[in-house]
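> have a look at this prediction, sequence included:
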Number of protein chains: 2
Amino acid sequence: MRIVLIGFGNLGRGLSRALVQKAGFLRRDHGLIPRVVAAVDEFGAVVDEKGLNLAGLLKTAEGKGTVALHRGAKRGRLALQVIEGIEADVVYELTPTNIETGEPGLTHIKRAMQAGRHVITSNKGPLVVAFRELDSLAKRCGVEFRYSASVGGAIPAVGLAKKLLAGNKIREIRGVLNGTTNYILTRMSTEGAPFEIVLREAQELGIAEKDPTLDIEGIDTACKITILANSLLGTNAGLKDVKVAGIARVRPEAIRLAQEAGQTIKLVGTAKRGSLEVGPKLVPLGHPLAVGGTLNAVTFELDLAREISITGFGAGPRETSSSLLGDLIDIHRTLGG
Amino acid sequence: MRIVLIGFGNLGRGLSRALVQKAGFLRRDHGLIPRVVAAVDEFGAVVDEKGLNLAGLLKTAEGKGTVALHRGAKRGRLALQVIEGIEADVVYELTPTNIETGEPGLTHIKRAMQAGRHVITSNKGPLVVAFRELDSLAKRCGVEFRYSASVGGAIPAVGLAKKLLAGNKIREIRGVLNGTTNYILTRMSTEGAPFEIVLREAQELGIAEKDPTLDIEGIDTACKITILANSLLGTNAGLKDVKVAGIARVRPEAIRLAQEAGQTIKLVGTAKRGSLEVGPKLVPLGHPLAVGGTLNAVTFELDLAREISITGFGAGPRETSSSLLGDLIDIHRTLGG
């Protein structure tokens, strides 16, 4: 399978490491021989139609910060040129998320589909801005489109609902979809410490970003619940359709009171037909959404199974490579591999 | 798709109700038109190659306790005759579990495979007694074999690992796989009441059986962890290979001490290569295995995703029909439907 990687940051490198380590396993257990024919970042591209030496490329990227300084690389913004000019089966779109325009990922994905490539992405931007358009375009172009890594990192929430719970009607989706806020709320609950103190600690540990706005104001969670709703409930929603509240106003006393009543407070995204919402919610202790630390969780309310939840790590390059690789194996199987 | 139902107790009826209610949905969303051509229980069989009226048959079975008293039914033990004599695509084996011989399910499944039928079962017996044999037989006969409902009721644990986490190596599987014992331990922890009292209460509520031995001694959990190990770790284990301890000796004081340390006690089945075990274990509060009430949960330890857990209801005819129907849709898709 000929693969093009667009984006060679944390996720692109995590995926590449997994491809290197798992070459034998993928061939033996899945009959899958991935051949990365191009890797592109914002500064340049390396191309080898016989297949790049990923281990060598990883060394360059980790040492020098870009693939553009690798031997034989071309410099410049070359993503579209590579997507359209290099023969490939699958394009991975792994550039950073822009939730306002979806770019550059949105154009990358459209051009890849139009060129007849299957697309796998971790990029929330294009999915929040233009889900329906991309979903239809994939069908019109006859290509597969997978985005497991865009919601919940390692958690295959979309596949679980579409493939394994396919006999059910989904009544509601609830998710703890942001590891940073879940870490903060968990620490507030175990330490009784106020939000500001725990946020600073999380920033020092690298769990929260220097500008944590998108996380703590609930925007990141809103993106993910929008993607789940569009993908699984058939809605055509954007961020503007989500009623969002963050966690900055949650007080340790409120968490303590909740605990005395056998509950805890989590930042929960909720999707049902006609309503999308993000905000701090009471969750009973012992419920799967009451997971601690940086874990994420998604609960589906279903007509037959009643309630199925899945939990796991929502971020991290190695964890997320589980979803990125799972999507590749799934496409390989779908195509009869 | 022509379907034969062997076993028309709680699960067979639950599945039939789902098939009746979801006929439109299955046709519209999955292009699947299930036609039940025979339903068999230990007293008799009804057959109609044009498709049975399931709603009518459900009335008979619920009113009179058997399909043998339905109009046009034949009396007698007719399962093998129907499996081999009635043209069908899929045989559902839904008879009660016998963990010593696997019968009558084991013979039903073998004969169905040899007759070229795909097989879906909820029956733990054959899977505990002869997993490898059945798995090879299915391959030799060129038929699909699915058993999602045999472990965890509504929880699609096997499919999750095989289909959605396929890029990972599974290092360990841990499961809270028995709703009765989980209910008892949860009540002991919330009430501080002793085992014997809570067991009696569970029996009065119908959550524990009159003879609760298989549940409370951990045998049911041992069956399920054996099936998961054989299916997902490639082992060839039987019940005799599982080191089993039950929950009768768990004292409320032990649970209280655990809680003071931020933990709880659950009956956990554990499988890794070379070791199968069932027993009461400490689980941190906030961990997905610390689910309450009658919920079940399965945690996979994985090389890429680190840890993924899935929770849901492990029993109940409606809940389990989610898995039974999911397997049917999956076979339909696999065959290119």
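Good, I have the coordinates.

> hmm, residue A:292 and residue A:186 touching each other?
Yes - at 4.5 Å, residue A:186 counts as touching residue A:292 under the criterion of C-beta atoms under 8 Å. The way it works is simple: take the backbone N, C-alpha and C, and place the C-beta from them, glycine included.

> briefly note if the helix or strand hosting residue A:332 comes near chain B.
Element membership for residue A:332 (DSSP states H and E) is helix A:317-334. Yes - Helix A:317-334 lies within reach of chain B by C-beta under 8 Å from any C-beta of the partner chain, at A:318, A:319, A:321, A:322, A:323, A:325, A:326, A:328, A:329, A:330.

> the last one reaches residue A:156, doesn't it?
What it means is residue A:330. No - with contact defined as C-beta under 8 Å, residue A:330 does not count as touching residue A:156 (9.3 Å).

> so between those two, which is more surrounded?
The residue with more neighbours, out of residue A:330 and residue A:156, is residue A:156; 30 against 21, by other C-beta atoms under 10 Å in any protein chain shown.

> contact partners for that one?
By C-beta atoms under 8 Å, 6 or more residues apart in numbering or on different chains, residue A:156 lies in contact with A:148, A:310, A:323, A:326, B:160, B:164, B:165, B:308.

> what helices or strands is the helix holding residue A:332 leaning on?
helix A:10-21, helix A:23-30, strand A:90-93, strand A:118-121, strand A:145-146 (3 or more C-beta pairs under 8 Å, 6 or more residues apart in numbering or on different chains; DSSP states H and E).

> turn these into TSV, including mean pLDDT, mean neighbour count and distance to chain B.
Shown next, in TSV, are the helices and strands packed on helix A:317-334 (pLDDT from 0 to 100; neighbours: other C-beta atoms under 10 Å in any protein chain shown; distance: least, C-beta to the nearest C-beta, whole Å):
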stretch	mean pLDDT	mean neighbour count	distance to chain B
helix A:10-21	97	22	6
helix A:23-30	97	14	7
strand A:90-93	98	27	14
strand A:118-121	98	28	12
strand A:145-146	98	22	11
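
> could you look up the SS state of the residue of the stretch 101-250 of chain A found nearest chain B?
Closest residue of the stretch 101-250 of chain A to chain B, C-beta to the nearest C-beta: residue A:167 (3.3 Å). Put simply, residue A:167 is coil when judged by DSSP: H, G, I helix; E, B strand; the rest coil.

> can you verify my assumption that residue A:288 contacts residue B:288?
Yes - the criterion here is C-beta under 8 Å, and residue A:288 meets it with residue B:288 at 5.9 Å.

> what's the overlap in contacts for the two?
The contact sets of residue A:288 and residue B:288 overlap at A:297, A:309, A:311, B:297, B:309, B:311 (C-beta under 8 Å, 6+ apart).

> which helix or which strand is home to the first one?
This points to residue A:297. With DSSP H and E as criterion, residue A:297 is part of strand A:295-302.

> do I have it right that residue A:304 meets residue B:317?
No - with contacts counted by C-beta under 8 Å, residue A:304 stays clear of residue B:317, the gap being 10.0 Å.

> any idea how far the nearest residue to residue A:198 once chain neighbours are set aside is from residue A:283?
Among residues not flanking residue A:198 along the chain, residue A:187 sits closest, at 4.6 Å (C-beta to C-beta, 6 or more residues apart in numbering or on different chains). For residue A:187, the distance to residue A:283 equals 16 Å [C-beta to C-beta, to the nearest Å].

> before we move on, what about residue A:25?
Per C-beta to C-beta, residue A:25 is found 37 Å from residue A:283.

> likewise residue A:179?
As judged by C-beta to C-beta, residue A:179 and residue A:283 stand 16 Å apart.

> swap in residue A:249?
For residue A:249, the distance to residue A:283 - C-beta to C-beta - is 18 Å.

> next, count neighbours for residue A:320.
Neighbours around residue A:320, by other C-beta under 10 Å: 28.

> same check on the one 3 residues further on?
Burial measure for residue A:323: 33 neighbouring residues, criterion other C-beta under 10 Å.

> one more: residue A:196?
9.

> chain center to the helix or strand it falls within, what's the gap?
Element membership of residue A:196 [criterion: DSSP H and E] is helix A:195-204. Relative to the centre of its chain, helix A:195-204 is centred 24 Å away, using C-alpha atoms, centre = their mean, to the nearest Å.

> does anything pack onto it? Which helices or strands?
Contact analysis of helix A:195-204 by 3+ C-beta pairs under 8 Å, 6+ apart lists helix A:179-191 as its packing neighbours.

> how about the helix it packs on: buried residues?
By 16 or more other C-beta atoms under 10 Å in any protein chain shown, the buried positions in helix A:179-191 come out as A:179, A:180, A:181, A:182, A:183, A:184, A:185, A:186, A:187, A:188, A:189.

> show me where the stretch 201-337 of chain A has its helices.
Assigned by DSSP state H, counting those that start in this stretch, the helices in the stretch 201-337 of chain A fall at A:213-216, A:219-232, A:252-260, A:317-334.

> now the third one: how far from the chain's centre is it?
To tie it back to what came earlier, the one meant is helix A:252-260. Taking the mean of its C-alpha atoms, helix A:252-260 sits 31 Å from the chain's own mean (C-alpha atoms, centre = their mean).

> so that helix versus helix A:195-204, what angle?
Orientation of helix A:252-260 against helix A:195-204 (axes from the mean of the first three to the mean of the last three C-alpha atoms, to 10 degrees) gives an angle of 90 degrees.

> ok, residues contacting helix A:252-260?
A:185, A:188, A:189, A:192, A:193, A:194, A:195, A:264, A:265, A:282, A:285.

> now stretch A:190-203
A:180, A:183-184, A:187-188, A:208-210, A:212, A:216, A:247-248, A:250-252, A:255-256.

> rerun that using 6 Å as the cut-off
For stretch A:190-203, the external contacting residues (C-beta atoms under 6 Å, 6 or more residues apart in numbering or on different chains) are A:183, A:184, A:187, A:188, A:208, A:252.

> which of those sit farthest apart?
Farthest pair in the contacts of stretch A:190-203 (C-beta to C-beta) is A:208 and A:252. Separation: 17.4 Å.

> near chain B, which residues of chain A?
Counting by C-beta under 6 Å from any C-beta of the partner chain, the positions of chain A adjacent to chain B are A:154, A:156, A:159, A:164, A:166-168, A:286, A:288, A:292, A:304-306, A:308-313, A:318-319, A:321-322, A:325-326, A:329.

> go again using 7 Å as the cut-off
A:18, A:22, A:30, A:154-156, A:159-160, A:163-168, A:285-286, A:288, A:290-292, A:302, A:304-313, A:318-319, A:321-322, A:325-326, A:329 (C-beta under 7 Å from any C-beta of the partner chain).

> please parse chain A into its domains.
Chain A breaks down by automatic domain parsing into domains covering A:2-154+A:317-334, A:161-313.

> how about these in CSV, adding distance to residue B:127?
Output for the domains of chain A, formatted as CSV (distance: least, C-beta to C-beta, whole Å):
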stretch, distance to residue B:127
domain A:2-154+A:317-334, 22
domain A:161-313, 19
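
> residue B:115: which of those is closest?
Nearest of the domains of chain A (C-beta to C-beta): domain A:161-313, 25.6 Å.
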